[in-house]
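Visitor: just a sequence and a predicted model for now, questions to come.
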Amino acid sequence: MKHWLVKSEPEAYSWATFVQEDGTAWTGVRNYQARNNLNLMQPGDLVLFYHSVSEKAVVGIAEVAALPAPDATAEAGSPWVAVALRPVQPLSQPVSLAQLKADARLSELALLRQSRLSVLPVRPEEFDAVLALGAN
């Protein structure tokens, strides 16, 4: 199993909406590196759900529910893909970007090194560290 982080502006698509809808197809990714990450996702992989821009915090855990498939919002025949995600659980406490930056265990976290990328890999030990921070 691999671990990931996806970013969404809460004003555009929030954790609350994700939970209310009981999941979504993660569409609209138009960056090749992020697309490559989507292509590596497998059902059962766990995903940190990060509210970007206004909140800047990890707020919940999702799970990849299906293999990558063509993105229905893209032009037919394009290289863009989407994955189905479903909510698993919210974090007890959101983990802010400041907390992520302050924790030495997360110094190599892809979010901190490639902050503009919307779909990022997370190492298992980083995933566990974020969960620990969110449990406080």
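Guide: Yep, that arrived. Residues are numbered from 1 along each chain as shown.

Visitor: how about residue 97: what's its closest non-neighbour residue?
Guide: Excluding the flanking residues, the one nearest residue 97 by Cβ to Cβ, 6 or more residues apart in numbering is residue 56, at 4.0 Å. All C-beta atoms are positioned from the backbone trio N, CA, C, and that covers glycine.

Visitor: from what I can see that neighbour touches residue 95, true?
Guide: No - taking contacts as Cβ atoms under 8 Å, residue 56 lies outside contact range of residue 95: 10.0 Å.

Visitor: of those two, who's got more company?
Guide: Set residue 56 next to residue 95 and count neighbours by other Cβ atoms under 10 Å: residue 95 wins out with 25 against 18.

Visitor: now the helices for the protein?
Guide: Ranges of helices in the chain, per DSSP state H, are 15-20, 32-40, 97-102, 110-113, 124-135.

Visitor: in the third one, what's buried?
Guide: Of the residues in helix 97-102, 97, 99-100 count as buried by neighbour count, 16 or more other Cβ atoms under 10 Å.

Visitor: for it, packing partners?
Guide: The helices and strands touching helix 97-102, judged by 3 or more Cβ pairs under 8 Å, 6 or more residues apart in numbering; DSSP states H and E, are helix 110-113, helix 124-135.

Visitor: now mean pLDDT and distance to residue 3 too, for these, in TSV please.
Guide: Shown next, in TSV, are those (pLDDT from 0 to 100; distance: least, Cβ to Cβ, whole Å):
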stretch	mean pLDDT	distance to residue 3
helix 110-113	96	11
helix 124-135	97	4
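
Visitor: which one, of those, ends up nearest to residue 23?
Guide: Shortest distance between residue 23 and these, using Cβ to Cβ, is found for helix 124-135: 19.7 Å.

Visitor: show me the contacts for residue 84.
Guide: By Cβ atoms under 8 Å, 6 or more residues apart in numbering, the contact list for residue 84 reads 23-26, 64-66, 69.
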